[in-house]
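Asker: everything below, folded, please.
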Amino acid sequence: MLNVIETGDRQQVRTHIALFKERGVVNFEAVLAVPSTERIQHLALQPKGRERVSAALAASIKSAFESMNLRVGMNIEQILDLSDEIIDQSAEDNLALEDVLLFLQQLITGKTGKIYDRMDIPTFFEMFEVYRQDRRDALLAIREQEQVNHKAFGDPDRSSDNNTEEVAMKDAMISYLRKSNIKE
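Answerer: Modelled structure (predicted):
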């Protein structure tokens, strides 16, 4: 994803981000499936990684803000500070670049709430926190569903120490059921 953003091709970025949406809504399951090696925290640790990630985030944020009619926006220094803060916070919930871009799309379209005429770092993070909470809720729901499925199928490694007793009990039940069916 970082390479796609660095090309500056907005259509390519939109096409990639569309893979993480379903009927116009963020598909958190797809976002959460992004490999950890492609997440902000890991990318920033690569040689020149932090610079690349910061530049990619700053360019995306600047582009998003230019799409909005803000009377008081952020200057480039504030946008760079914002992108650095996103990198620093990315480890908290293992954010991917896709998370930020999906949030920026929501911000532009007004799905994060009404933005009057200004944007600053605290306002950005207040709105971004709502996205992150929705993401956490989706993660918990996915984990809960996995646990339910695991319980429903039972533990495949579970076995009894008394296997011969179970076989004998099973044979006795089969024998009993056959005899009771013949008498009727």
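
Asker: residues touching residue 83, list them.
Answerer: By C-beta atoms under 8 Å, 6 or more residues apart in numbering, the residues touching residue 83 are 53-55, 57-58, 61. C-beta here means a position set from N, CA and C on the backbone, and glycine is covered the same way.

Asker: nearest to residue 128, of the residues you listed?
Answerer: Distance to residue 128, by C-beta to C-beta, is smallest for residue 61 among the contacts of residue 83, at 10.8 Å.

Asker: and the pLDDT for the closest one?
Answerer: Listed pLDDT for residue 61 reads 95.

Asker: re earlier: so of the contacts of residue 83, which ones are in helices?
Answerer: Judged by DSSP state H, the contacts of residue 83 include 53-55, 57-58, 61 as members of helices.

Asker: in ChimeraX, select just the buried ones from those.
Answerer: Of the ones in helices among the contacts of residue 83, the buried ones go into a single ChimeraX selection, burial set by 16 or more other C-beta atoms under 10 Å:
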select :53,54,55,57,58,61
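
Asker: save the ones in helices among the contacts of residue 83 as TSV, and put in distance to residue 40 too.
Answerer: Formatted as TSV, the ones in helices among the contacts of residue 83 follow (distance: C-beta to C-beta, whole Å):
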residue	distance to residue 40
53	6
54	10
55	13
57	8
58	13
61	13
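
Asker: out of the ones in helices among the contacts of residue 83, which one sits closest to residue 84?
Answerer: Closest to residue 84, out of all of these and judged by C-beta to C-beta, is residue 54, at 5.8 Å.

Asker: where do the strands sit along the chain?
Answerer: Counting by DSSP state E, one finds strands in the chain at the ranges 21-22, 25-26.

Asker: mean pLDDT, distance to residue 86 and mean neighbour count added to the ones you listed, as TSV?
Answerer: As requested, these are exported to TSV (pLDDT from 0 to 100; distance: least, C-beta to C-beta, whole Å; neighbours: other C-beta atoms under 10 Å):
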stretch	mean pLDDT	distance to residue 86	mean neighbour count
strand 21-22	94	20	14
strand 25-26	93	17	16
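
Asker: wait, which of the ones you listed is closest to residue 120?
Answerer: Residue 120 lies closest, by C-beta to C-beta, to one member of the strands of the chain: strand 25-26, at 24.3 Å.

Asker: can you list contacts of the closest one?
Answerer: Residues from elsewhere that reach strand 25-26 (C-beta under 8 Å, 6+ apart): 20, 102, 106, 134.
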